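K.L.:
fold the following, please.
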Amino acid sequence: MQKIGIIVAMEEEAEAIAELMKDVSKEEVYNLTFCKGKIHNQRCILVQSGIGKVNAARTTQIMIDKYKVDTVINVGASGSINGLLNIGDVLIGKQVVQHDFDITAFGHSRGFITGIGNFIECDPTFIENIQKLFKNNSNSDYKIKLGIIATGDIFCEDVSIKDKIRANFDADVVDMECAAIGQVCYLDNIPFSVIRTISDTPNGNNASTFDDNLESASKRCANILNKYLKAIE
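P.N.:
Modelled structure (predicted):
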């Protein structure tokens, strides 16, 4: 049986997943609360990292070192930069990239990280299982799409920045953690997956939209994760 690490950034995201867990015990490690338990028959460890790339990377390495997880799943809300993705739609990560990593002065393209490249691939087995599970989702009131997540230490509100990220990386959503988690997993040879629900679209006023939709986006992510973990029993 796999040991599955689940990383979220915010309290609302953590609460939605914690409601699914049974036989829960908690442990404090470096001021992080790790919740150990089961979702269906899967052994899961849930932790709230806090916002941003450093918090996310730090938490991922602690989880891998302390709990020896077999795979890591990042779950949470994201901003859509693809006009075909609306609030409430779900993005399953195919690749992740750090849109704010810039060593173009040395002849590399934006997002390129030495020893890694531009894009980090998400776990193909997870993607295959999710696609099988939701292949008949066309009658739902929300879409599930496979795509690219662009991560940076900025809550993107500016439309021009959104358009540049979309143009540079063909990305579908922006967030502040995914690619940092992905980088640590890549370096540690741990499979990495992402479930993100659209909470807002950068338009100059989307901070309030994000707040309004965070709880519902968190619950939708938790629902997708719940169905996935039940299906792989």
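K.L.:
what residues of stretch 208-225 count as buried?
P.N.:
For stretch 208-225, the neighbour count (16 or more other CB atoms under 10 Å) marks 209-210, 213-214, 216-222, 224-225 as buried. Using the backbone N, CA and C atoms, a C-beta is placed for each residue, glycine as well.
K.L.:
packing partners for the helix or strand hosting Gly37?
P.N.:
Using DSSP states H and E, Gly37 sits in strand 32-39. Judged by 3 or more CB pairs under 8 Å, 6 or more residues apart in numbering; DSSP states H and E, the packing partners of strand 32-39 are strand 22-29, strand 42-48, helix 53-67, helix 206-231.
K.L.:
name the surrounding residues that touch it.
P.N.:
Residues from elsewhere that reach strand 32-39 (CB atoms under 8 Å, 6 or more residues apart in numbering): 17-18, 20-28, 43-49, 59, 62-63, 66-67, 225-226, 229.
K.L.:
just checking: what are the partner strands of it?
P.N.:
strand 22-29 (antiparallel), strand 42-48 (antiparallel) (DSSP bridges).
K.L.:
okay, the angle between that strand and helix 206-231?
P.N.:
For strand 32-39 against helix 206-231, the angle by axes from the mean of the first three to the mean of the last three CA atoms, to 10 degrees is 40 degrees.
K.L.:
okay but Asn129 is in contact with Tyr228, surely?
P.N.:
Yes: the criterion here is CB atoms under 8 Å, and Asn129 meets it with Tyr228 at 6.7 Å.
K.L.:
the more surrounded of the two?
P.N.:
The neighbour count for Asn129 versus Tyr228, taken as other CB atoms under 10 Å, is higher for Tyr228 (22 against 15).
K.L.:
tell me which helix or strand of this protein sits lowest on mean pLDDT?
P.N.:
In the chain, no helix or strand scores lower on mean pLDDT, DSSP states H and E than helix 206-231, which sits at a mean of 90.
K.L.:
so what does that one touch, helix or strand wise?
P.N.:
strand 3-8, helix 11-18, strand 32-39, strand 71-80, strand 90-98, helix 124-133, strand 192-200.
K.L.:
that older thread, can you add distance to Pro202 and give the buried residues of stretch 208-225 back as TSV?
P.N.:
Below are the buried residues of stretch 208-225 laid out as TSV (distance: CB to CB, whole Å):
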residue	distance to Pro202
Thr209	10
Phe210	10
Asn213	14
Leu214	16
Ser216	19
Ala217	15
Ser218	20
Lys219	23
Arg220	20
Cys221	20
Ala222	24
Ile224	23
Leu225	26
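K.L.:
tell me which of those is nearest to Glu177?
P.N.:
For those, the residue nearest Glu177 by CB to CB is Cys221; the value is 13.1 Å.
K.L.:
contact partners for that closest one?
P.N.:
Cys221 neighbours (CB under 8 Å, 6+ apart): Glu13, Ala16, Ile17, Val75, Gly76, Ala77, Val90, Ile195, Arg196, Thr197.
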